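*Asks:* below are the sequence and a predicted model for it; my questions follow.
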Amino acid sequence: MVAGISPSGLAQIFTDALLPPIVYCTVGALADRYLEFESRTLSRLTVYVFLPPLMFSALMHVNVAAGEVMRVAAFILLTLTGMSLAGVGYARLLGMDAATTSSATMASTFFNGVNLGFPVALYSFGEPGLLAAGVIVAVNGIPHNVCGLLFAARGALSTREALKALFRMPFPYVMGLALTLRLGGTVVPEPLMEPISEMGRASIPLVLVCVGMELRRIKVTSVNREVVGTVGLRLLFAPVLAWFVSDLVGLTGMLRTAAVLQASMPTAVMPIVYARLFGGNVEYISKAVFLSTLASVLTIPVVIALLK
């Protein structure tokens, strides 16, 4: 047991922060099993209708200075670089082929900041945690999506097709609009801001239901030691690196808390899509997503306890 963290304290954190997401994910898995929803439609509804209002309201409400945003950008750059180097080094150490190296690197680097990071931040630290998490995800979205799509362009897509895919994503526009309004000192009228905020909050249970559906559809017949090592990088090494980098760049307060918490999340689902696009090992990364999500039930409460 980590010094200063009691079993009862971890149990309380689990109940407060992780039990609600688990309930929503379970509902999603059961709905997918018995109601046979079309997951692509629900995913598009989440990405294009409900998550943009959450991102917009977070950026409009959070009180963050320009200098803090630059520190967040430095944190994201250093953390993603460190994790990608760790992933490549681990893959080469085990002599993985090119496709598996790509998947292992993505699995260790890209964290699930939206589908799990937002709900865990909300249930752990309330509205301030959710707003700070929105800033982290907004800044992280640029290297996450741009680098992923450009990587795909070098593999299965042309540069033109990749850029088209990037411009179809709503998050750059939402971030640009929010920053423009904030810099211009424009206040969104409350009758308009209220439904935007409510739609954003509604995305929390919806994304978790979608996660439950996706996890149920991942077929895991066996887990090898290579995948376990990748999951270890994501859930054990990443929080330590994030803690060190957050101090290095000078992050403080709730932004630091949200940054470390987001970086401690399990592997994101999007790398599965990237693996399909440019010929990665889809089976490997699917196993990493499934196993890291399950194992995070044990690691996230420890991270939260250390941050509180």
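*Replies:* Good, I have the coordinates. Residues are numbered from 1 along each chain as shown.
*Asks:* contact partners for residue 203?
*Replies:* Contact analysis of residue 203 by CB atoms under 8 Å, 6 or more residues apart in numbering lists 46, 50, 51, 53, 54, 118. Just so you know, the C-beta spots here come from the backbone N, C-alpha and C atoms, and that holds for glycine as well.
*Asks:* next, count neighbours for the nearest residue to residue 96 once chain neighbours are set aside.
*Replies:* Excluding its sequence neighbours, the residue lying closest to residue 96 (CB to CB, 6 or more residues apart in numbering) is residue 104, at 6.2 Å. Look at residue 104: counted by other CB atoms under 10 Å, it has 27 neighbours.
*Asks:* now do the contacts for residue 104.
*Replies:* Going by CB under 8 Å, 6+ apart, residue 104 touches 87, 90, 91, 96, 226, 230, 281, 284, 285, 288.
*Asks:* so which of those sits lowest on pLDDT?
*Replies:* Model confidence across the contacts of residue 104 bottoms out at residue 281, which has 76.
*Asks:* that residue and residue 259: what is the separation?
*Replies:* 30 Å (CB to CB, to the nearest Å).
*Asks:* and the residue nearest to residue 96, what element?
*Replies:* Secondary structure from DSSP states H and E places residue 104 in helix 98-109.
*Asks:* keeping just the C-alphas, turn that helix into PDB.
*Replies:* Taking Å, rounded to 0.1, in the frame of the first residue of the first chain, the C-alpha atoms of helix 98-109 are listed here in PDB:
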ATOM      1  CA  ALA A  98       6.700  -2.600 -37.700                       C
ATOM      2  CA  ALA A  99       3.000  -2.900 -37.400                       C
ATOM      3  CA  THR A 100       3.100  -4.100 -33.800                       C
ATOM      4  CA  THR A 101       5.600  -1.400 -32.900                       C
ATOM      5  CA  SER A 102       3.300   1.300 -34.200                       C
ATOM      6  CA  SER A 103       0.300  -0.100 -32.200                       C
ATOM      7  CA  ALA A 104       2.400  -0.500 -29.000                       C
ATOM      8  CA  THR A 105       3.600   3.000 -29.300                       C
ATOM      9  CA  MET A 106       0.100   4.400 -29.800                       C
ATOM     10  CA  ALA A 107      -1.300   2.300 -27.000                       C
ATOM     11  CA  SER A 108       1.300   3.600 -24.500                       C
ATOM     12  CA  THR A 109       1.100   7.200 -25.800                       C
END
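*Asks:* buried set for it?
*Replies:* 100, 101, 102, 103, 104, 105, 106, 107, 108, 109 (16 or more other CB atoms under 10 Å).
*Asks:* what about residue 297, neighbour count?
*Replies:* 14.
*Asks:* host element of it?
*Replies:* helix 282-307.
*Asks:* that helix vs helix 98-109, what angle?
*Replies:* Interaxial angle of helix 282-307 relative to helix 98-109 (axes from the mean of the first three to the mean of the last three CA atoms, to 10 degrees): 20 degrees.
*Asks:* from the middle of its chain, how far away would helix 282-307 be?
*Replies:* Computed by CA atoms, centre = their mean, to the nearest Å, the chain-centroid distance of helix 282-307 equals 11 Å.
*Asks:* kindly report the same for stretch 72-84.
*Replies:* 14 Å.
*Asks:* now it: average pLDDT?
*Replies:* Here the average pLDDT along stretch 72-84 is 92.
*Asks:* what does that stretch rub up against?
*Replies:* In contact with stretch 72-84 (CB under 8 Å, 6+ apart) are residues 105, 108-109, 135-136, 139-140, 143-144, 233-234, 237-238, 241-242, 245-246, 248-249, 251, 255, 259, 263.
*Asks:* what's the burial count for residue 219?
*Replies:* 9.
*Asks:* and the nearest residue to it once chain neighbours are set aside, how many neighbours?
*Replies:* Spatial nearest neighbour of residue 219, chain neighbours left out: residue 286 (7.5 Å); criterion: CB to CB, 6+ apart. Other residues lying near residue 286 total 24 when counted by other CB under 10 Å.
*Asks:* using the three-state scheme, assign residue 27.
*Replies:* helix (DSSP: H, G, I helix; E, B strand; the rest coil).
*Asks:* does it really touch residue 212, like I thought?
*Replies:* Yes. With contact defined as CB atoms under 8 Å, residue 27 reaches residue 212; the gap is 6.5 Å.
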